[in-house]
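A.B. asks: okay, predicted coordinates and the sequence, questions at the end:
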Amino acid sequence: MGENQTIVTEFILLGLCLGPRTQMLLFGLFSLFYLLTLLGNGVILGLISLDSRLHTPMYFFLSHLAIVDMAYACSTVPQMLLNLLSPAKPISFAGCITQTFLFLSFAHTECLLLVVMSYDRYVAICHPLRYSVLVNWRVSISLVVTSWTCGSLLALVHVGLLLRLPFCGPHEINHFFCEILSVLKLACADTRLNQAVIFAASVLVLVGPVCLVLLSYVRILASILRIQSGEGRGKAFSTCSSHLCVVGLFFGSAIVTYMAPKSRHPEEQQKILFLFYSFFNPMLNPLIYSLRNAEVKGTLRRTLFKESHFLLE
């Protein structure tokens, strides 16, 4: 490293390179989406906590997915909204690293939770008589704690490897938050180890889980087709299709972002992909689960009916 090089103490997030009017329009639109994300996932959490009929492992996992989605959005969207109002606003080095850690923690945790939820549906449909044994509350809590712990530890590995690198300029991150691949481009050292660990982690928490989910759903589909009752098949398809939609949206965009050859996706396209799976997915998840899940819709109707009845009195 040359003697005239200085250590970077803050970064500039370039955000979305658009005109002032477009940025103001996006600020209003993204603010609305952010509120819908918090409101939708908050409603899911509220319904699950209020209705004792939803106090089951399936909805316990769903409540943690809602928590992750809210945390996911809170770790990136406020910074993006701030940048739309005041472009090229600096973020401290410590703040940037913290944001990277939180984003990776929640992303890894969501991957693992989606696998846990597919396991829950697999046992419920393929081994219904053993469900209370294979997915009891002790197992459920252990699976959730493991998901959160492994997600945080994997993020800690990435951040630890990132902190060993020197950053001596430039200090402009071509992104709307401190995404790890964009931060690595600014390091004044060889980042091949970091890239290799990111790829290995992508295989571990993206490709591996997708294979497990697909395998479980092949078995689930075979079991559903054997159900004699049309109503039973419909209910099984309803709960499983909701989860499969979420899995497809999340893993599909994440795999394209982290594992596709970068030359095929310029930086501006990469930003759009990140917007999709780190912004829109958390907003769409509660809509998918509430619109396609009869039990959640039933609880929502009962809650609204009680509220309107109380107001009329």
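C.D. replies: Thanks, I have the structure now.

A.B. asks: how close does Ile255 sit to Tyr131?
C.D. replies: Ile255 sits 31 Å away from Tyr131, going by C-beta to C-beta, to the nearest Å. C-betas here are computed from N, CA, C, even on glycine.

A.B. asks: whoops, Leu65 was the one
C.D. replies: 20 Å.

A.B. asks: which of those two has more neighbours?
C.D. replies: Leu65 (25 against 17; other C-beta atoms under 10 Å).

A.B. asks: what helix or strand is that one on?
C.D. replies: helix 57-85 (DSSP states H and E).

A.B. asks: helices or strands up against that helix?
C.D. replies: When contacts are defined as 3 or more C-beta pairs under 8 Å, 6 or more residues apart in numbering; DSSP states H and E, helix 57-85 packs onto helix 20-50, helix 93-126, helix 137-163, helix 281-292.

A.B. asks: quick one: closest of the ones you listed to Glu179.
C.D. replies: helix 93-126 (7.2 Å; C-beta to C-beta).

A.B. asks: buried set for that closest one?
C.D. replies: 93, 96-97, 99-126 (16 or more other C-beta atoms under 10 Å).

A.B. asks: for the stretch 151-300 of the chain, give me the ranges with low pLDDT.
C.D. replies: 227-240, 242-243, 260-269, 277-278, 289-295, 297, 300 (pLDDT under 70).

A.B. asks: quick one, strands of it?
C.D. replies: Ranges of strands in the stretch 151-300 of the chain, per DSSP state E, counting those that start in this stretch, are 172-173.

A.B. asks: can you show me the helices along the stretch 151-300 of the chain?
C.D. replies: 180-184, 192-202, 208-225, 230-259, 267-275, 281-292, 294-312 (DSSP state H, counting those that start in this stretch).

A.B. asks: next one: the shortest one to chain centre, how far?
C.D. replies: Going back to what we said before, that points to helix 180-184. 19 Å (C-alpha atoms, centre = their mean, to the nearest Å).

A.B. asks: what of the second one?
C.D. replies: The gap between where helix 192-202 is centred and where its chain is centred comes out at 20 Å by C-alpha atoms, centre = their mean.

A.B. asks: cool, stretch 163-175 as well?
C.D. replies: That offset, for stretch 163-175, works out to 25 Å (C-alpha atoms, centre = their mean).

A.B. asks: thanks a lot, see you next time.
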